[in-house]
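In: 3D, please:
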Amino acid sequence: MAYEWKEDNGKKYLHVDYREFALQEDKVITLLESVAMVIKAEPPGCLIFNNWEGVAVGRRFMNRVKELGKAIFVPRNTLVANIGISGTKTILAKAYDTYTGNKNNGYFRSEREALDWLTR
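Out: So this is what the prediction gives:
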């Protein structure tokens with residue numbers, strides 16, 4: 001499964017692995033939309049860990065993630081730890097944060113570093 005609930009440091013978080021669909025933007029968007037629906041059904045303040053290693057995204061993905069960010073992720077005060085964001089994806093991530101006003105995204109090099117921040 002591309003996402004599942006896990007626990008670390010006594011805190012529940014949604015572990016999302018986009019790598020399975022690394023070069024399939026339509027499937028990455030579908031997974032993102034599924035995650036948004038899960039978060040929408042949960043109380044505000046959910047924790048999410050995203051693995052973007054090797055995942056390519058384009059304009060369609062960016063348009064959709066910005067929509068979902070403004071409509072669901074940011075208003076629901078979702079805290080998100082991300083790994084696998086480098087190069088061009090760093091620019092896209094900063095654009096997303098600026099557009100949505102998101103201040104709850106963290107970008108990390110390793111899963112352990114990300115989870116330590118997420119579940120502190």
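
In: what ranges do the helices span in this structure?
Out: 25-41, 59-68, 88-100, 111-118 (DSSP state H).

In: on contacts alone, who are the packing partners of the shortest one?
Out: Right, the one you point to is helix 111-118. If you count contacts as 3 or more CB pairs under 8 Å, 6 or more residues apart in numbering; DSSP states H and E, helix 111-118 packs onto strand 11-17, strand 47-51, strand 79-83, strand 105-108. Bear in mind the C-beta positions are built from the backbone N, C-alpha and C, glycine included.

In: can you lay out those as a markdown table showing mean neighbour count and mean pLDDT?
Out: Listed next are the helices and strands packed on helix 111-118 as a markdown table, based on neighbours: other CB atoms under 10 Å; pLDDT from 0 to 100:
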| stretch | mean neighbour count | mean pLDDT |
| --- | --- | --- |
| strand 11-17 | 18 | 98 |
| strand 47-51 | 22 | 98 |
| strand 79-83 | 21 | 98 |
| strand 105-108 | 19 | 97 |
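
In: tell me the angle of the helix or strand of the chain with the lowest mean pLDDT relative to strand 79-83?
Out: Lowest by mean pLDDT, DSSP states H and E among the helices and strands of the chain is helix 88-100, with a mean of 94. Here the directions of helix 88-100 and strand 79-83 differ by 170 degrees (axes from the mean of the first three to the mean of the last three CA atoms, to 10 degrees).

In: if we can go back for a sec, for Ala81, find the nearest of the helices of the chain.
Out: helix 111-118 (3.8 Å; CB to CB).

In: what about Arg112, how many residues nearby?
Out: 11 (other CB atoms under 10 Å).

In: same deal with Ser34?
Out: Neighbours of Ser34 using other CB under 10 Å come to 13.

In: what does the model give it for pLDDT?
Out: Looking at Ser34, its pLDDT reads 98.

In: neighbours around the residue nearest to it when sequence neighbours are not counted, how many?
Out: Spatial nearest neighbour of Ser34, chain neighbours left out: Tyr3 (7.1 Å); criterion: CB to CB, 6 or more residues apart in numbering. Here the number of neighbours of Tyr3 (other CB under 10 Å) works out to 17.
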